[in-house]
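**Student:** prediction below, plus the sequence it came from.
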Amino acid sequence: MSIQEKIKGIEDEMARTQVNKATNRHLGVLRARIARLKEQDRERIERGRGKVGEGYTVRKDGDATIVLLGFPSVGKSTLLNHLTNSKSKVAAYDFTTLTVIPGIMNYRGAKIQILDIPGIIKGASEGKGLGKRILSVTRSADLLIVLVDVFNPVVREVLLNEIRNIGIRPDEESPRINIEKRGSGGIVITDMVGMTEMDKEGMMQILREYRYHNSRVVVREDVGYDKFVDVLLKNTIYIPTLTVLNKIDMVDESYIDELKKTLGYDFLPISADTDVNLEELKEKLFEKLDLIRIYMRPKGENPDFEEPLIIRNGSSIEDIADKIHRNLKKDLRFTRIWGKSVKFGGQKVSLNHVPMDEDILTFY
């Protein structure tokens, strides 16, 4: 029996099972079994395919990477060109972009890489239209722009489902569950929250399904079986998104107001073609990426306010040193900082100190 036949058999069993509290564990185990089979199928395809074709592997560049996700002819290439001065081909017909086109957006000192990927179609995650190869690029993103047409905004959920099917969890955070494989001792589950969505027996069935016969599990968040499986798969990626509604130059303001009332999600309305709200889009992208600027001040010199060092908010002095040179912290005696993260200017800080936006920093 093939993997697809096994999946179909489990799906049929799930369809026959009534959904209620009593069947929650059974359905959770069946979903876990499907997830494992799909992962095995993905690995089999990857092994058979070998290297990814030209145009679908792009080296990450700049301070962060954003991927444009949308259906064909939604305006991704136009948006890339207007944000980055790139030269992605633009035309009013489907599948204009046939490879991944990179561009760099310079904003507030940051160099942000934006990737225009070929348009997604429904079923892309199952291989339609080279979909798996295209969607694989999204896994390297720090942020996804979900671009939808003003006349077809309901496709957003289709796009999100396609990336969910390849192990991306949009706008979610990794569940606070720790799983440690051991050499012996069986399965030990420590519930620190009072679980209501799962029970230990169901978790143990799933752990055995994934061959975690000897393991220690610590649960620090009350989540369901699907998220528990996400932790087990280990290839699950959590990426924030920003939904952008394009081509608003073709409708009036009352149409946009009505969409804000009826759609079940927030969006930023823009016109890539006429540059409407593109500055606001740049600001929102910077905020979503959670980047901050650090001004380096060489010993005995003035700070460099022209080219700030761009880092993720929450990065430590050690992270900054590693970004400049991997061996820098070995020779670092101490660091002085001027700015909002310290009590007084020139304060000495340790490697685990976390600077704030526009702090000035000197290494000694």
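**Tutor:** The structure has been received and is ready for your questions. Numbers count the residues shown, from 1 in each chain.
**Student:** for this structure, what's the longest helix?
**Tutor:** Longest helix in the chain by number of residues (criterion: DSSP state H): helix 24-49.
**Student:** how far does it sit from its chain's centre?
**Tutor:** Distance of helix 24-49 from its chain centroid, counting by C-alpha atoms, centre = their mean, to the nearest Å, is 21 Å.
**Student:** show me where the stretch 251-364 of the chain has strands.
**Tutor:** Using DSSP state E, counting those that start in this stretch, the strands assigned to the stretch 251-364 of the chain run over residues 268-269, 291-296, 309-312, 335-338, 347-349, 359-363.
**Student:** just the stretch 1-150 of the chain next, same as before
**Tutor:** So, for the stretch 1-150 of the chain - with DSSP E, counting those that start in this stretch - the strands run 64-70, 101-107, 110-116, 143-149.
**Student:** list the helices and strands the second one packs on?
**Tutor:** Under the contact definition 3 or more C-beta pairs under 8 Å, 6 or more residues apart in numbering; DSSP states H and E, strand 101-107 sits against helix 76-84, strand 110-116, helix 278-289. All C-beta atoms are positioned from the backbone trio N, CA, C, and that covers glycine.
**Student:** please apply the same query to the first one.
**Tutor:** Packed against strand 64-70, as judged by 3+ C-beta pairs under 8 Å, 6+ apart, are the following elements: helix 76-84, strand 110-116, strand 143-149, helix 156-164, helix 278-289.
**Student:** can you give me the buried ones in it?
**Tutor:** For strand 64-70, a neighbour-count test (16 or more other C-beta atoms under 10 Å) marks 64-70 as buried.
**Student:** picking that back up, nearest to Tyr238, out of the helices and strands packed on strand 101-107?
**Tutor:** The minimum distance between Tyr238 and the helices and strands packed on strand 101-107 falls on helix 278-289, with 13.6 Å, by C-beta to C-beta.
**Student:** may I have that closest one as PDB, with CA atoms only?
**Tutor:** In PDB, the C-alpha atoms belonging to helix 278-289 read as follows (Å, rounded to 0.1, in the frame of the first residue of the first chain):
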ATOM      1  CA  LEU A 278       3.900  52.200   0.000                       C
ATOM      2  CA  GLU A 279       5.700  54.300   2.600                       C
ATOM      3  CA  GLU A 280       3.300  53.000   5.300                       C
ATOM      4  CA  LEU A 281       4.000  49.500   4.000                       C
ATOM      5  CA  LYS A 282       7.700  50.000   4.400                       C
ATOM      6  CA  GLU A 283       7.200  51.200   8.000                       C
ATOM      7  CA  LYS A 284       5.000  48.200   8.800                       C
ATOM      8  CA  LEU A 285       7.500  45.800   7.300                       C
ATOM      9  CA  PHE A 286      10.300  47.300   9.500                       C
ATOM     10  CA  GLU A 287       8.100  47.000  12.600                       C
ATOM     11  CA  LYS A 288       7.000  43.400  11.800                       C
ATOM     12  CA  LEU A 289      10.600  42.300  11.400                       C
END
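**Student:** out of the helices and strands packed on strand 64-70, which comes closest to Lys6?
**Tutor:** For Lys6, the closest of the helices and strands packed on strand 64-70 is helix 156-164, at 20.8 Å, according to C-beta to C-beta.
**Student:** relative orientation of that closest one and strand 64-70 in degrees?
**Tutor:** Calculated by axes from the mean of the first three to the mean of the last three C-alpha atoms, to 10 degrees, helix 156-164 forms an angle of 130 degrees with strand 64-70.
**Student:** from now on call the first residue 19
**Tutor:** Will do, 19 is the new start, and the previous item becomes helix 174-182.
**Student:** identify each buried residue in helix 174-182, please.
**Tutor:** Neighbour counts over helix 174-182 (16+ other C-beta under 10 Å) mark 174, 176-178, 180-181 as buried.
**Student:** just put the residues you listed in a markdown table and tack on distance to Leu327 and pLDDT.
**Tutor:** Shown next, in a markdown table, are the buried residues of helix 174-182 (distance: C-beta to C-beta, whole Å; pLDDT from 0 to 100):
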| residue | distance to Leu327 | pLDDT |
| --- | --- | --- |
| Arg174 | 35 | 95 |
| Val176 | 39 | 92 |
| Leu177 | 34 | 93 |
| Leu178 | 34 | 94 |
| Glu180 | 36 | 89 |
| Ile181 | 31 | 91 |
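**Student:** among those residues, which one sits closest to Asp275?
**Tutor:** Arg174 (18.3 Å).
**Student:** check whether that closest one really touches Val166, as I assumed.
**Tutor:** Yes: with contact defined as C-beta atoms under 8 Å, Arg174 and Val166 form a contacting pair (5.3 Å).
**Student:** so what's the gap between stretch 20-36 and the chain middle?
**Tutor:** Per C-alpha atoms, centre = their mean, the displacement of stretch 20-36 from the mean C-alpha position of its chain is 30 Å.
**Student:** mean pLDDT added to the strands of the stretch 19-168 of the chain, as JSON lines?
**Tutor:** Below are the strands of the stretch 19-168 of the chain laid out as JSON lines (pLDDT from 0 to 100):
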{"stretch": "strand 82-88", "mean pLDDT": "95"}
{"stretch": "strand 119-125", "mean pLDDT": "92"}
{"stretch": "strand 128-134", "mean pLDDT": "93"}
{"stretch": "strand 161-167", "mean pLDDT": "97"}
